[in-house]
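Student: Sequence below, structure please.
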Amino acid sequence: MKSNSDRFDYRLSRRRFLTRSAGGLGALALASLVNPARSRAPGSHFPPQAKRIIYLFQSGGPPQMDLYDYKPHLNRVHGQEVPESVFKGQRLTGMTSGQASFPAARSIFRFPQYGQSGHRLSEVFQHLPSVADELCIVKSLHTEAINHDPAITFLQTGFHLAGRPSIGAWASYGLGSENQYLPAFVAMISGKGGQPLYDRLWGAGFLPSEHQGVRFRSQGPPVLYLNNPEGIAPDIRQHTLRDIKALNSLRYQELADPEIQARITQYEMAYRMQMSVPELTDLSSEPESTFALYGEDARKPGTYAYNVLLARRLSERGVRFIQLFHRGWDTHGNLPNQLRARCQDTDLATTALIKDLKQRGLLDETLIIWGGEFGRTVYCQGDLGPKSYGRDHHPRCFTVWMAGGGIKPGVSYGQTDDYSYNIVRDPVNVHDFHATIQFLMGIDHEALTFKFQGRDYRLTDVGGRVVKPLLA
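Tutor: Now for the predicted structure:
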């Protein structure tokens, strides 16, 4: 029996034989065998309506019936037990399945109507109503996961388990970047507490690693290891990178490993970002009117408002996919106060982004998405008081909205029952949601695939349909 080292040597010798015996053409052929997807040329399948996407992900599960899904019936049944005919035997989390009582909790917030669309928005929003007619509100999104990590992973990758490419990585792989000095995919995080957020949520999975999202940090240098080390002059760094590229190129000729080529690409991008990122994050060129629009928090790195302003600057520079994560929406108790705090963090800047892109003529080609990983229960978690209550996780229906980028404005799509617990019209699952986003970017979700371990994978797995009534 051969030892592990013997088997390892055999594999290396076989690779050398294949690459050296066929010369350059053999290396190209082997590259295609190792990764057939790289031999295809991804790209738009039809003209895109959205050249860029800004995804404002609200981590924790915003409560739909306290924000967008107006349910006057709850005023009549407040404090009463939610009927079993509503539950329909659906799964509850371990945090509330043992409760002795499941009283319906109305929202304490009023829901005025706004604009020509007549959208009803919670009074907790002070600014969003001013752009109500730009919003396409989808009230019938549903998911399969009831806990945060699999639910967030599902929304970001199309699968509950870690390991698949994120939605932004698929966009980078399929379309590339419009700006050679910035990555195609950028991620940023704001907010304190709440669920942990992992790099895999903006990772490349089994796609070439050059397509993973570049995270911009809130403290210190925006991107780690981008600046030259102390005592290293720019020309030394340039010569070093040139020599590293030469060594990697030799290694690639020998092994034809696509990750070596990805490493070369990432080194080159990092060098170009040394010039582009400092200019991007320097807000001194922004007029005072910008901060009047986004709020004073937009001057403070790490805040949601600052990240939203950076998202606008990234989008106007051609970055393909910008993902913002804001934590703190997990409202198991004391929901009204927690909800007010989250909207105080986000409402002004979110509204400013829509207005800013529109006045710059960029809203029509930029798709903005706002939403979390699931919704909240109609029944109260914990004590039900006159002005305080909590809500548990609820995957069966939740609300997201979109604006710009080929979306029909002023539309409300889908309907839930009187308890905002089940969908009664026009359900939209996560794969449908992803298929629609990719369609707006000019991508046929069934055609953008990547072969891995003998199977062609795609963002929408084996499902998904484009929700055409949402399209302008």
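Student: Following element in sequence after the helix or strand of the chain with the lowest mean pLDDT, please.
Tutor: The weakest-scoring helix or strand in the chain, judged by mean pLDDT, DSSP states H and E, is helix 4-34 (a mean of 39). Per DSSP states H and E, the first helix or strand lying C-terminal to helix 4-34 is strand 52-58.
Student: Other residues contacting that following strand?
Tutor: 152, 155-156, 167-168, 171, 178, 308, 311-312, 315, 318-326, 329, 342, 346, 350, 353, 365-372, 405, 437, 441 (Cβ atoms under 8 Å, 6 or more residues apart in numbering). Using the backbone N, CA and C atoms, a C-beta is placed for each residue, glycine as well.
Student: So Asn248, which state does it fall into?
Tutor: Secondary structure, DSSP: H, G, I helix; E, B strand; the rest coil: Asn248 is helix.
Student: Surely it touches Asp257?
Tutor: No: using Cβ atoms under 8 Å, Asn248 makes no contact with Asp257, being 10.0 Å away.
Student: Could you pull out the helices in the stretch 101-250 of the chain for me?
Tutor: 148-157, 167-175, 234-255 (DSSP state H, counting those that start in this stretch).
Student: which stretch among these comes nearest Tyr294?
Tutor: Smallest distance to Tyr294 across the helices of the stretch 101-250 of the chain (Cβ to Cβ): 23.0 Å, for helix 167-175.
Student: quick one: buried residues of the closest one?
Tutor: For helix 167-175, a neighbour-count test (16 or more other Cβ atoms under 10 Å) marks 167-175 as buried.
Student: just stretch 305-322 next, same as before
Tutor: Neighbour count says stretch 305-322 has 305-315, 317, 319-322 buried, by 16+ other Cβ under 10 Å.
Student: Check stretch 350-368 too.
Tutor: Neighbour-count burial for stretch 350-368 flags 350-358, 362-368 (criterion: 16+ other Cβ under 10 Å).
Student: Can you get me a residue count around Ser97?
Tutor: Using other Cβ atoms under 10 Å, the number of residues around Ser97 comes to 10.
Student: tell me the SS of it?
Tutor: coil.
Student: Just the pLDDT for it.
Tutor: Note on Ser97: pLDDT of 94.
Student: what's the neighbour count on the residue lying closest to Gln49 once chain neighbours are set aside?
Tutor: Nearest residue to Gln49, sequence neighbours excluded (Cβ to Cβ, 6 or more residues apart in numbering): Gly406, at 2.7 Å. Close neighbours of Gly406, defined as other Cβ under 10 Å, add up to 21.
Student: got it, and Pro234?
Tutor: 11.
Student: tell me the two of the buried residues of stretch 305-322 that are most distant?
Tutor: Spatially, the most separated pair among the buried residues of stretch 305-322 is Ala305 and Arg320, at 22.8 Å (Cβ to Cβ).
Student: Let me see the ranges of the strands in the stretch 251-400 of the chain.
Tutor: Using DSSP state E, counting those that start in this stretch, the strands of the stretch 251-400 of the chain run over 321-326, 366-371, 375-376, 393-394, 398-403.
Student: ok, the last one: who's next to it in the sheet?
Tutor: It stands for strand 398-403. Strand 398-403 pairs in its sheet with strand 136-142 (antiparallel), strand 366-371 (antiparallel), by DSSP bridges.
Student: Where does pLDDT dip in this protein?
Tutor: In the predicted model, the chain carries pLDDT under 70 at residues 1-42, 224-229, 231-232, 236-239, 264, 266-271, 273.
Student: Out of the buried residues of stretch 305-322, which is nearest to Val378?
Tutor: For those, the nearest to Val378 is Val308 (30.9 Å; Cβ to Cβ).
Student: residue contacts, that closest one?
Tutor: Contacts of Val308 (Cβ under 8 Å, 6+ apart): 56, 294, 298, 324, 349-350, 352-353.
Student: JSON lines for those residues, including distance to Gly333?
Tutor: Shown next, in JSON lines, are the contacts of Val308 (distance: Cβ to Cβ, whole Å):
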{"residue": "Leu56", "distance to Gly333": "25"}
{"residue": "Tyr294", "distance to Gly333": "31"}
{"residue": "Ala298", "distance to Gly333": "31"}
{"residue": "Leu324", "distance to Gly333": "26"}
{"residue": "Ala349", "distance to Gly333": "26"}
{"residue": "Thr350", "distance to Gly333": "25"}
{"residue": "Ala352", "distance to Gly333": "31"}
{"residue": "Leu353", "distance to Gly333": "31"}
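Student: Return the closest of those residues with respect to Arg110.
Tutor: Thr350 (20.2 Å).
Student: Pull the contacting residues for the closest one.
Tutor: Taking Cβ under 8 Å, 6+ apart as the test, what Thr350 contacts is 56, 127-128, 308, 370.
Student: Dump those residues to CSV, plus distance to Ser284.
Tutor: As requested, the contacts of Thr350 are arranged in CSV below (distance: Cβ to Cβ, whole Å):
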residue, distance to Ser284
Leu56, 25
His127, 26
Leu128, 29
Val308, 18
Trp370, 29
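Student: Most neighbours among these, please name it.
Tutor: For these, the largest number of neighbours (other Cβ under 10 Å) sits with Val308, at 29 neighbours.
Student: gap between it and Ser285?
Tutor: 17 Å (Cβ to Cβ, to the nearest Å).
Student: ditto for Tyr70
Tutor: Distance check for Tyr70 against Ser285: by Cβ to Cβ, it reads 42 Å.
Student: more neighbours, those two?
Tutor: Tyr70 (22 against 8).
Student: and which of the contacts of Thr350 is nearest to Gly203?
Tutor: Nearest member of the contacts of Thr350 to Gly203, counting by Cβ to Cβ, is Leu56, at 19.6 Å.
Student: in the sheet, who's paired with the closest one?
Tutor: Leu324, Trp370.
Student: Please tell me how far it sits from Ile354.
Tutor: 11 Å.
Student: didn't Gln64 look like it was pressed against Ser420?
Tutor: Yes: the criterion here is Cβ under 8 Å, and Gln64 meets it with Ser420 at 5.9 Å.
Student: what sits in contact with each of these two?
Tutor: Common neighbours of Gln64 and Ser420, using Cβ under 8 Å, 6+ apart, are 375, 397.
Student: how about Phe450, phi and psi?
Tutor: phi -140, psi 130 (degrees, to the nearest 10).
Student: list the contacts for it?
Tutor: Counting by Cβ under 8 Å, 6+ apart, the residues that Phe450 touches are 37, 165, 173, 206-207, 456-458.
Student: Next, the distance between the ends of stretch 417-436.
Tutor: Criterion Cα to Cα, to the nearest Å; first-to-last residue distance in stretch 417-436 is 24 Å.
Student: What residues sit buried inside that stretch?
Tutor: In stretch 417-436, counting by 16+ other Cβ under 10 Å, buried: 417-423, 427-436.
Student: In helices, which of these fall?
Tutor: 430-436 (DSSP state H).
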